[in-house]
Structures are given as C-alpha cells and as structure tokens.
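Visitor: Kindly return the folded structure for what I paste below:
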Amino acid sequence: MKFVFVLLWLIRLLPMAVIGAIAWLGGTLAWMLARERRRVGMINLRLCFPDMPRRERQRLVRANFRHMIRLALEYGVVWWSSARRLRRLVEIKNLHYVTDLLDRGENVILFYPHFVGFELCVYALNQYIPLVSVYAHQKNEALDAQIYRGRQRYNNAFIVSRQEGLRTIIKAMRRDHAPFLYLPDQDYGPRDSVFVKFFGVETATITGMSRISGLARAHVVPAIARRVGNHCELEFYPPWENYPSSDVEADTLRMNQFLEQRILETPDQYFWLHKRFKTRPNGQPRFY
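Guide: Coordinates of the predicted model:
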C-alpha cells in the first residue's frame, strides 16, 4: 500500500490532462480485463435502458471505466495538492442555495449522488463550508487511515461512523451547524430500505434522507458533481419544497426520479459498476 501512496503522490504532480490520458489508457485496459465489473455495468445499463443498443451500452461502460480509473488516480490530487489548486479545478455553481439556509440558522442535507467527480468536488466544497459525513471503514488499515486523514485535511469535516446511527448524525449537524453530505443512492441491503422504481426497476433504496430531514427539520439541497474536460463542476439545485412529506415511500421515489434526470444528462459519469440491483423483492430472481 505504501507503493500505491507514493505513486499517487507522484501522479498528483502531473497536469490534469496527463492524468486524464493515463486514466484513458488504464480504463481501457480495465474494461478489457475486469470481466465481472464489466458484466455488472452492462446488466445495470440493460435494466435501466432496455431500448439502448448493446453497442451504445458497451461504449458507456467503457467510458465509465475510464472515469473510475481517473477518480482513483485523482486521490493523490485531493489528498496532497494545494487547496488553491483544488479550487481552480472545481467550478461551484449556486452555492447560495446552501449558504442562504445556513445564514438563517437552518439545517441542511446535501443529496450528493455517486457521480465520478464527487471526491474532487467535495474537497473543494469543504474549503467554503463545514460538512458532516458518514464513513465506512476500509478493510486495509493503511488505506482506512489515509482516507480518514484526507477527509480531515481542512479541519472542517465531522466524520460519523456508519454504525453510529441517525442520532449521532443529527447531533453533529446541530452542534456544528454543518450540512450533512449524504450519498444514499446505492444498495445498502434490505435494512431500512423500501422498493421503489429507479428507471422502471423495483430498487432497494434506503429511506434515510426522508427520515433525517424530518427528525432534524433539515432542508434537502441536491448537489451534482460533473466532470467537464479536465475540470469538475459542482452544481447545487433549489431546496426541495414540501419535503419530507407524510409518505416515506413517495419521498424516496422522488429522490430516485430526480437522480434519473441528472443521470440522463451525463450517463457515462454515474457509478454503473456498483451492483445497484443486488437486493431483490422476495421471490424475484437475482440479476447478477
């Protein structure tokens, strides 16, 4: 692992265009060799876009591999490059949707789905506002320590273990007056999930955003991280009105529907290599 860290430290010295070129080659190689992940991506796209030609699905998954390799290579940039460089690499749009609420003393949840620019963007964002986030520990101790240390590099992030539950998250939001950066758009298993449509597929989706929003009396502000050439763009959207409602399933479906629209804008930049449809309703066959 030390060799990997040294390699990432050296890569961050390169221009972003060169990092992109390395990622293009590495992603192409990963597409050819990582058979199982390629299969997962193709299944996900077939389920979400059944009318899409197979060749187009292959093109999207191949592009997704390149984006994911670039995301991995950029960890050196987010961990060790200067704060100034990160600010130059990320254009933040409409941050006022968040700061206006914070200035009024309101609690905020940032709905932050898994797009490939999410690491670079959040390190730039954390220079402007404090953040509360949930952390899942890694099996490798050295990697776990580095990720945790990296997220704390500005002394402006409050990390909550996934095992600690909602009460700890809400307490951190209220104590530090910091938005909760929430990524609830993956398959976390049947616990605390409901099955709602995602691109027409019954999908196990956690209900945490609706529940936390209600308990913390927090406004939900979506934030989408996009890659634009060798830079990234972090766009905030207006706070959701009438959220949460009295219907948790309707709230969860609303989240998925919003995400669908953003995916359609940059379909190659979503995390398609994740087994999003792993958990199935009782009696339904597995996809993977």
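
Visitor: which non-adjacent residue is nearest Phe258?
Guide: Pro222 (6.2 Å; CB to CB, 6 or more residues apart in numbering). C-beta: built from backbone N, CA, C; applies to glycine.

Visitor: residues in contact with the one you found?
Guide: Pro222 sits next to 110-112, 236-237, 240, 258, 262 when contact means CB atoms under 8 Å, 6 or more residues apart in numbering.

Visitor: chain center to the strand or helix carrying it: distance?
Guide: Using DSSP states H and E, Pro222 maps to strand 218-228. Strand 218-228 sits 9 Å away from the centroid of its parent chain (CA atoms, centre = their mean, to the nearest Å).

Visitor: same thing with stretch 247-260?
Guide: With CA atoms, centre = their mean as the basis, stretch 247-260 stands 17 Å off its chain's centre.

Visitor: Buried residues, that stretch. List them.
Guide: Residues of stretch 247-260 classed as buried: 248, 251-256, 258-259 (neighbour count, 16 or more other CB atoms under 10 Å).

Visitor: Give me the contact list for that stretch.
Guide: Contacts for stretch 247-260 (CB under 8 Å, 6+ apart): 111, 113, 184-185, 194, 196-199, 203, 205-207, 209-211, 213, 222, 240, 243-245.

Visitor: Check stretch 181-192 too.
Guide: Contacts for stretch 181-192 (CB under 8 Å, 6+ apart): 109-114, 118, 122, 131-134, 203-209, 212, 255-256, 259, 271, 274-279.

Visitor: filter those residues to the buried ones?
Guide: Buried residues within the contacts of stretch 181-192, counting neighbours by 16+ other CB under 10 Å: 109-114, 118, 122, 131-134, 203-209, 212, 255-256, 259, 271, 274, 276-279.

Visitor: Where do the helices of this structure begin and end?
Guide: For the chain, the helices defined by DSSP state H cover 2-11, 16-33, 35-48, 54-73, 75-80, 83-89, 96-103, 118-125, 141-151, 166-176, 208-216, 248-265.

Visitor: rewinding a little: what does the model give the residue nearest to Phe258 for pLDDT?
Guide: For Pro222, the pLDDT comes out at 98.

Visitor: Relative to Tyr243, how far out is it?
Guide: In this structure, Pro222 and Tyr243 are 11 Å apart, going by CB to CB, to the nearest Å.

Visitor: so who does Met209 touch?
Guide: 109, 111, 182, 184, 220, 251-252, 255.

Visitor: So which of the residues you listed is the closest to Leu102?
Guide: Ile109 (12.2 Å; CB to CB).

Visitor: Nearest residue to Arg87 in space, please, no chain neighbours.
Guide: Ala124 (5.7 Å).

Visitor: which residues pair with Glu233 across the strands?
Guide: Taking DSSP bridges as the rule, Glu233 bridges to Glu91, Arg226.

Visitor: Does it touch Arg226 like I think?
Guide: Yes. Glu233 lies in contact with Arg226 (CB atoms under 8 Å); the separation is 4.7 Å.

Visitor: Now for those two: what residues contact both?
Guide: Residues touching both Glu233 and Arg226 by CB under 8 Å, 6+ apart: Gly117.

Visitor: more crowded one of the two?
Guide: Set Glu233 next to Arg226 and count neighbours by other CB atoms under 10 Å: Arg226 wins out with 20 against 16.

Visitor: Any regions of the chain where pLDDT drops low?
Guide: Within the chain, no stretch has pLDDT under 70.

Visitor: rerun that using 90 as the cut-off
Guide: 1-4, 6, 133-177, 191-192, 283 (pLDDT under 90).

Visitor: what's the closest non-adjacent residue to the most centrally placed residue in it?
Guide: For the chain, the residue nearest the mean C-alpha position is His114 (2.6 Å; CA atoms, centre = their mean). Spatially, and ignoring its direct neighbours in sequence, His114 is nearest to Phe271 (4.0 Å; CB to CB, 6+ apart).

Visitor: now swap in Val61 and tell me
Guide: With sequence-adjacent residues excluded and distances taken as CB to CB, 6+ apart, Val61 is closest to Gly41, at 3.9 Å.

Visitor: ok, now Arg151?
Guide: Of all residues not flanking Arg151 in the chain, Ala157 sits nearest, at 5.3 Å (CB to CB, 6+ apart).

Visitor: got a list of what the one you found touches?
Guide: Neighbour list for Ala157: 126, 130-133, 151 [criterion: CB under 8 Å, 6+ apart].

Visitor: before we move on, back to that, quick one: which of the buried residues of stretch 247-260 is nearest Arg66?
Guide: Closest approach to Arg66 among the buried residues of stretch 247-260 (CB to CB): Leu259, at 22.0 Å.
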